[in-house]
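Student: No letters, just coordinates:
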């Protein structure tokens, strides 16, 4: 087939992944976007809200891990489509009930459906894009999450004011189901399906066959997993509880609170793309690793320092008289900083793993990340019940400082591979 046909399949697949994952995120975050309205209408307190958030995150943690393993064994396009369809269906079902236990079950199923999205997309991305551009296009695909989380709160607030919170759930649920129907003609697993050579040569011979046990005992995997868990804890906490933090602790309006969440994602959009492009250039110039450690992992430390700095300023600088411009600016800067490491960790494990283990490796660090997401749910909301959201955000700062210290020490002399190199000749 011609190069023109190859280009067509490559880009229509990317556009489908982008629009599909955009809806994945809206389905996942619909509850968080509408949380103040749901809290008021259903008379839920912090514990009930935390239970709903944690049930979704626990399920997502389990299913994303399973999804990564399945992505190494089955068609990624069908995994992606199945998850999107189930998400759309279940998010509409949420509007039909008010019982906390039924809603908890629905959120759990929503979390299960979410786990098939990113592992499948990450595998397809590696199949269609070369290593010299993987970081950049990974960042651009990740920006679908930023766009969804920046537009979502504003659209949700607008619809809630006119039609109520259920209207937002209806709209994104229906769109998710409709987009699923088009994936048969717009989403493709890999170039080999059309007779083209693979974009990336299989590294099995060079890196060794490797096994699941190699991943579990690999030092790089543990460092990435630990850091990913903590940055995801901070990201999830700020996104899910940021509105209540500004409304309850800082006495700001619901509009200002929702706009702060949107500014986080706008900042994250630019931060992700800049991080991906800059680390691609750094890898081209200095290689995947230096005497100071992994090139991409070193870059994440810059993002971590920015995350702690701007989170600290948000907690201690903002008050009820603060201007919306200041709040927006802090949100933009925090978003840009926090998404730098989030964007890079996935690329690190995909890039450092042989093809037959890349999905599984990503699933493992994703599992660690989502443990952080679970901790941002009921555990953090329970802590906030005694120390307010300000106390919870200060706790996040402390966790961030500890992470930076441990990561900086542990990165020295770490091999940029997730399998045992000695196995290559076996």
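Tutor: Cool, got the structure. Keep in mind that what you see is a predicted model, and the values were worked out from it rather than measured.

Student: What is the burial count for residue 43?
Tutor: By the criterion of other CB atoms under 10 Å, residue 43 has 9 neighbours. No exception for glycine: its C-beta is placed from N, CA and C like everyone else's.

Student: What distance do you get for it to residue 98?
Tutor: Plainly put, residue 43 is 9 Å away from residue 98 if you go by CB to CB, to the nearest Å.

Student: residue contacts, the closest residue in space to residue 375 that isn't next to it in sequence?
Tutor: Ranked by CB to CB, 6 or more residues apart in numbering and with sequence neighbours excluded, the top spatial neighbour of residue 375 is residue 233, at 5.3 Å. For residue 233, the residues meeting the contact criterion (CB atoms under 8 Å, 6 or more residues apart in numbering) are 372, 373, 375, 376, 380, 396, 399.

Student: Where neighbours are concerned, which of those has the most?
Tutor: Highest neighbour count within the contacts of residue 233, by other CB under 10 Å: residue 376, with 27 neighbours.

Student: which stretches of the stretch 151-300 of the chain have low pLDDT?
Tutor: 200-210, 286-294 (pLDDT under 70).

Student: could you pull out the strands for it?
Tutor: Along the stretch 151-300 of the chain, the stretches classed as strands by DSSP state E, counting those that start in this stretch are 289-290, 293-294.

Student: Run a quick neighbour tally on the nearest residue to residue 383 once chain neighbours are set aside.
Tutor: Once flanking residues are discounted, residue 383 sits nearest to residue 392: 5.3 Å by CB to CB, 6+ apart. Using other CB under 10 Å, residue 392 is surrounded by 23 other residues.

Student: In contact with residue 392, which residues?
Tutor: 237, 241, 380, 383, 384.

Student: go again using 6 Å as the cut-off
Tutor: 380, 383, 384 (CB atoms under 6 Å, 6 or more residues apart in numbering).

Student: mind pulling up the phi and psi values for the first one?
Tutor: Here the main-chain torsion angles of residue 380 (degrees, to the nearest 10) amount to phi -70, psi -40.

Student: Please report how far it lies from residue 344.
Tutor: Distance, residue 380 to residue 344, using CB to CB: 24 Å.

Student: do the second one as well
Tutor: Using CB to CB, we find residue 383 at a distance of 29 Å from residue 344.

Student: who's more crowded, the two?
Tutor: Under the neighbour definition other CB under 10 Å, residue 383 and residue 344 were set side by side, and residue 344 has more, 29 against 17.

Student: which is the next helix or strand following the helix or strand harbouring the more buried one?
Tutor: Following DSSP states H and E, one finds residue 344 within helix 324-351. Remark: after helix 324-351, the chain's next helix or strand is helix 358-375, criterion DSSP H and E.

Student: Give me the contact list for that next one.
Tutor: So helix 358-375 is contacted by 54, 57-58, 60-61, 64-65, 68-69, 71-72, 119, 122-123, 215, 224-225, 228-230, 232-233, 236, 349-350, 353, 418 (CB under 6 Å, 6+ apart).

Student: just checking, residue 57 touches residue 376?
Tutor: No: using CB atoms under 6 Å as the test, residue 57 is too far from residue 376 to be in contact (7.2 Å).

Student: Now residue 270. Nearest residue, chain neighbours left out?
Tutor: Leaving aside its sequence neighbours, residue 270 is closest to residue 336 (5.8 Å, by CB to CB, 6+ apart).

Student: quick one: contacts for that neighbour?
Tutor: 267, 270, 271.

Student: Can you lay out those residues as a markdown table showing neighbour count and distance to residue 91?
Tutor: Below are the contacts of residue 336 laid out as a markdown table (neighbours: other CB atoms under 10 Å; distance: CB to CB, whole Å):
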| residue | neighbour count | distance to residue 91 |
| --- | --- | --- |
| 267 | 25 | 26 |
| 270 | 16 | 28 |
| 271 | 28 | 28 |
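
Student: Helices - which of those land there?
Tutor: Here DSSP state H is the test, and the contacts of residue 336 give 267, 270, 271 as lying in helices.
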